[in-house]
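Visitor: sharing a sequence plus its predicted fold:
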Amino acid sequence: MVCAKISVMQDYLKITRNGLWNNNQALVALLGLCPLLAVTNNVVNAISLGLATTFVLIASNVTVSLFRKYIRKEVRIPIFVLLIASFVTIVDLIMQSFFYDMYLILGIFVPLIVTNCAILGRAEAFASKNSWDKSFVDGLMMGIGFTAVLVLLGAMREILGNGTLFDQADLLFGEFGTSLTITFFSDYQGSLIALLPPGAFIGLGLIVAFKNLIDSKQKTAQAAPIAHVAAKAQA
């Protein structure tokens, strides 16, 4: 019993690490780059799209996992797309009803969540082969990892482009959001390139390079003890 619980915990930890770091869909698989680069000119836009994508990831993963035994292999991809489209429609209607101004800003990128390869990829590669609880954790962690990249890139571009952080937060958080806006430079002229598509590509490239640098250092640190033992054995 104890061994089984430990094994389950290890599975959850592995899923968490994969979603947040090792297999982050935005940094490793480089999926979903269209919305990632298009709407991250500020943090609030990034949070909004990140939350919407996370909801769709979780809902589609759990649904696919629950019905995986009843879906024929020949038609699984069209069914997965229909399920994802259904959840995106729910998000779309909720945003129109309660966050209309934010919905107008995000525009076509909310419906385009349907075509996000990261969501379909998780449904096919993970949810269709695992239990609903593991699929839930996978969807949650993949969503958090994707959202984290969105927010980080959005923060970089907003600070460099406008000299602010959490500008227009009231569109997402209501009256409370007005107190969240931070202005770093009151007379800042702004950097236009940070707000344009080239700035998005440069920012994402820097984030990917930073992740690869950390991974490289970790591999070197892990390989050092093994090399030391091998050198001793040869001596």
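Guide: Ah, there it is.

Visitor: so how far is residue 30 from the residue nearest the centre of the chain?
Guide: Nearest to the geometric centre of the chain sits residue 146, at 1.0 Å (Cα atoms, centre = their mean). Noted for residue 146: a distance of 12 Å to residue 30, by Cβ to Cβ, to the nearest Å. Any C-beta I mention is one placed from the backbone N, CA and C, and that applies to glycine too.

Visitor: so who does the residue nearest to the centre of the chain touch?
Guide: Taking Cβ atoms under 8 Å, 6 or more residues apart in numbering, we find residue 146 in contact with 24-26, 32, 36, 50, 53-54, 57, 118.

Visitor: one more time with 7 Å
Guide: Residue 146 sits next to 25-26, 32, 50, 53, 118 when contact means Cβ atoms under 7 Å, 6 or more residues apart in numbering.

Visitor: could you export the residues you listed as TSV, including distance to residue 150 and secondary structure?
Guide: Putting these into TSV (distance: Cβ to Cβ, whole Å; DSSP: H, G, I helix; E, B strand; the rest coil) gives the following:
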residue	distance to residue 150	secondary structure
25	11	coil
26	8	coil
32	9	coil
50	5	helix
53	8	helix
118	12	helix
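
Visitor: filter those to the buried ones?
Guide: The neighbour-count test (16 or more other Cβ atoms under 10 Å) applied to the contacts of residue 146 identifies 25-26, 32, 50, 53, 118 as buried.

Visitor: flag the shaky bits of the chain, pLDDT-wise.
Guide: Counting by pLDDT under 70, the chain has low-confidence residues at 1-3, 224, 226-235.

Visitor: now the strands for it?
Guide: Assigned by DSSP state E, the strands in the chain fall at 164-165, 182-183.

Visitor: what's the most buried one of those strands?
Guide: Mean neighbour count (mean count of other Cβ atoms under 10 Å) peaks for strand 164-165 among the strands of the chain, with a mean of 18.

Visitor: which elements pack onto that one?
Guide: Helices and strands touching strand 164-165, by 3 or more Cβ pairs under 7 Å, 6 or more residues apart in numbering; DSSP states H and E, are helix 132-162, strand 182-183.

Visitor: please point out which parts of stretch 97-109 sit buried.
Guide: Going by neighbour count (16+ other Cβ under 10 Å), the buried part of stretch 97-109 is 99, 102-103, 105-106, 109.

Visitor: right, I mislabeled it, should have said stretch 24-44
Guide: Per 16+ other Cβ under 10 Å, stretch 24-44 contains these buried residues: 24-28, 31-33, 35-44.

Visitor: quick check: longest helix of this structure.
Guide: Secondary structure of the chain per DSSP state H: the longest helix is helix 197-234.

Visitor: so what's residue 58 up against?
Guide: Contacts of residue 58 (Cβ under 7 Å, 6+ apart): 136, 139-140, 143.

Visitor: ok, and the most crowded of these?
Guide: Counting neighbours by other Cβ atoms under 10 Å, the top entry in the contacts of residue 58 is residue 139, with 28 neighbours.

Visitor: for stretch 137-150, the distance to its chain's centre please.
Guide: 4 Å (Cα atoms, centre = their mean, to the nearest Å).
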